[in-house]
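>>> based on what follows, work out the 3D shape:
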Amino acid sequence: LVAAQIRAAAGEPLGRVLPSRVAVEGHAVEARIYAEDPRRFLPSPGRLVRFRLPEGDGAWRIETGYREGMEVTPFYDPLLAKAVVRGRSREEAIRGLRELLAGVEIEGPETNIPFLLAALDDPRFRAGEVHTGLAAGITL
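Numbers count the residues shown, from 1 in each chain. Prediction:
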């Protein structure tokens, strides 16, 4: 992938950089877990009294720079973690992300996890009808 990016950046035509036939295999869904009020989306700083992220079976990845006991300050982006789940289909990836998020244990700052779970359950999201206005229609 990196070699292809360098070749494309150097001006090589994409037809020579990319394989002649690109195969789509599976689906992935990402969620960003924030220390924020899940209704008003305002930052929720504070100490992470409890911060436990589930361990996966290889179908998901969680990236974070936090650990239990750390302070989420009001001075920076309140992103706590990024979670990516892959599955054979969109439905399988969404189910996996729901399972992952349900297994997150955070005490201290409020998080957007209730909103993320509601979004994953929304029929419009499940159908792939994703746009910026979708968030306004999700109620907790």
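>>> put the alpha carbons of the helix or strand containing residue 116 into PDB.
Using DSSP states H and E, the element containing residue 116 is helix 113-121. In PDB, the C-alpha atoms belonging to helix 113-121 read as follows (Å, rounded to 0.1, in the frame of the first residue of the first chain):
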ATOM      1  CA  ILE A 113     -21.200   5.600  23.900                       C
ATOM      2  CA  PRO A 114     -25.000   5.900  24.500                       C
ATOM      3  CA  PHE A 115     -25.200   8.000  21.300                       C
ATOM      4  CA  LEU A 116     -23.000   5.600  19.400                       C
ATOM      5  CA  LEU A 117     -25.200   2.600  20.400                       C
ATOM      6  CA  ALA A 118     -28.400   4.500  19.500                       C
ATOM      7  CA  ALA A 119     -26.800   5.300  16.100                       C
ATOM      8  CA  LEU A 120     -25.900   1.700  15.500                       C
ATOM      9  CA  ASP A 121     -29.500   0.700  16.200                       C
END
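>>> for it, name the packing helices and strands.
For helix 113-121, the elements it packs on are strand 27-34, helix 90-102, judged by 3 or more C-beta pairs under 8 Å, 6 or more residues apart in numbering; DSSP states H and E. C-beta here means a position set from N, CA and C on the backbone, and glycine is covered the same way.
>>> buried stuff in that helix?
By 16 or more other C-beta atoms under 10 Å, the buried positions in helix 113-121 come out as 113, 115-117, 119-120.
>>> ok, then the element right after it?
helix 123-126.
>>> what comes into contact with that following helix?
90-91, 94, 119-120, 130, 134, 137 (C-beta atoms under 8 Å, 6 or more residues apart in numbering).
>>> recalculate using a threshold of 6 Å.
119, 134 (C-beta atoms under 6 Å, 6 or more residues apart in numbering).
>>> turn the helices and strands packed on helix 113-121 into JSON lines, including mean neighbour count, mean pLDDT and distance to residue 52.
Shown next, in JSON lines, are the helices and strands packed on helix 113-121 (neighbours: other C-beta atoms under 10 Å; pLDDT from 0 to 100; distance: least, C-beta to C-beta, whole Å):
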{"stretch": "strand 27-34", "mean neighbour count": "18", "mean pLDDT": "96", "distance to residue 52": "12"}
{"stretch": "helix 90-102", "mean neighbour count": "18", "mean pLDDT": "95", "distance to residue 52": "12"}
